[in-house]
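Asks: Here you go, sequence then predicted model.
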Amino acid sequence: MDKPPVVLIDQDGVVADYEEGFLKLWRQRYPEKPSLELYQRTALRIEDDYEQLEKGLGDLVRRVLHEPGFNRHLPVIPGAIRPVVEMLGMGIEVFFCSSPSYNNPTCHQEKVDWFRDHYGLAVAKRLILTTDKTLVRGDILIDDTPSQSGLMTPTWQMVTFTASYNISADGLRLCHWSDWRKVVLPLLGI
């Protein structure tokens with residue numbers, strides 16, 4: 001019997017709007033400091049871009065990112081819920097594969113709570129937290145980090161979820177969730 005296809009989806013920057021969540025909290029905590037809109041960002045790590053703006057801002061960025069409650073209250077990326085429901089309805093096994101921050105003492109539980117809040121408990125149980133995504137088996141990984149390295153050779157094909165900081169990366173892309181069928185289904189042979 002054929003096994004159903006497996007799609008792995010990153011959380012931050014793919015279904016959870018990490019950038020918007022950060023900007024909101026950043027502007028509340030440090031209204032006098034400069035801020036960058038997503039289209040202005042070029043580095044994968046927010047703190048690297050801010051450190052380029054002004055020495056010492058990287059440390060302030062990390063304070064915001066590691067603040068308890070940060071991960072729990074991230075908004076959903078527009079259009080990110082329906083594709084997951086549709087994939088599951090088509091018999092595609094969807095799992096979320098996210099790297100937690102070990103500098104935020106509440107990050108792990110907040111990621112679980114975020115999925116439960118936005119997708120429901122059944123989907124929250126499909127969350128895999130790991131710092132090495134190459135250890136997770138699947139057919140496709142949709143992630144905003146275009147290059148993944150780790151202990152294993154990945155079984156999945158990389159699909160980069162487009163953001164300003166990964167625009168120059170080569171490979172397959174998903175620019176908007178509205179295009180998921182055009183990108184994902186052919187890769188799965190559906």
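Replies: Right, received. Where do you want to start? Numbers count the residues shown, from 1 in each chain.
Asks: residue contacts, the residue lying closest to A16 once chain neighbours are set aside?
Replies: Sequence neighbours aside, L74 is the residue nearest to A16 in space, at 4.2 Å (criterion: C-beta to C-beta, 6 or more residues apart in numbering). C-beta: built from backbone N, CA, C; applies to glycine. The contact partners of L74, by C-beta atoms under 8 Å, 6 or more residues apart in numbering, come to D12, A16, D17, Y18, E20, G21, W114.
Asks: Kindly provide the distance from L74 to F115.
Replies: To F115, L74 is 11 Å away according to C-beta to C-beta, to the nearest Å.
Asks: Would you confirm that Y119 contacts I81?
Replies: Yes. Taking C-beta atoms under 8 Å as the definition, Y119 is a contact partner of I81 at 6.7 Å.
Asks: The two: who's more crowded?
Replies: Counted by other C-beta atoms under 10 Å, Y119 and I81 do not tie: Y119 has more neighbours, with 21 against 16.
Asks: got the contact list for the more buried one?
Replies: Applying C-beta under 8 Å, 6+ apart, the residues near Y119 are I81, V84.
Asks: switch to 10 Å and redo it
Replies: The neighbourhood of Y119, defined by C-beta atoms under 10 Å, 6 or more residues apart in numbering, consists of V15, V76, A80, I81, V84, V85, L88, V94, F96, R126, L127.
Asks: same question, R41
Replies: Counting by C-beta under 10 Å, 6+ apart, R41 touches E19, D48, D49, Y50, A163, S164, Y165, N166.
Asks: For I128, which three-state class applies?
Replies: strand (DSSP: H, G, I helix; E, B strand; the rest coil).
Asks: Name the helix or strand for the closest residue to it other than its chain neighbours, please.
Replies: Take I128 and drop its neighbours on the chain: the residue closest to it by C-beta to C-beta, 6+ apart is C97, 4.9 Å away. Assigned by DSSP states H and E, C97 belongs to strand 93-98.
Asks: which of the contacts of R41 has the most neighbours?
Replies: Highest count within the contacts of R41 by other C-beta under 10 Å belongs to Y50, 26 neighbours.
Asks: For stretch 91-102, buried residues please.
Replies: I92, V94, F95, F96, C97, S98, S99, P100, S101 (16 or more other C-beta atoms under 10 Å).
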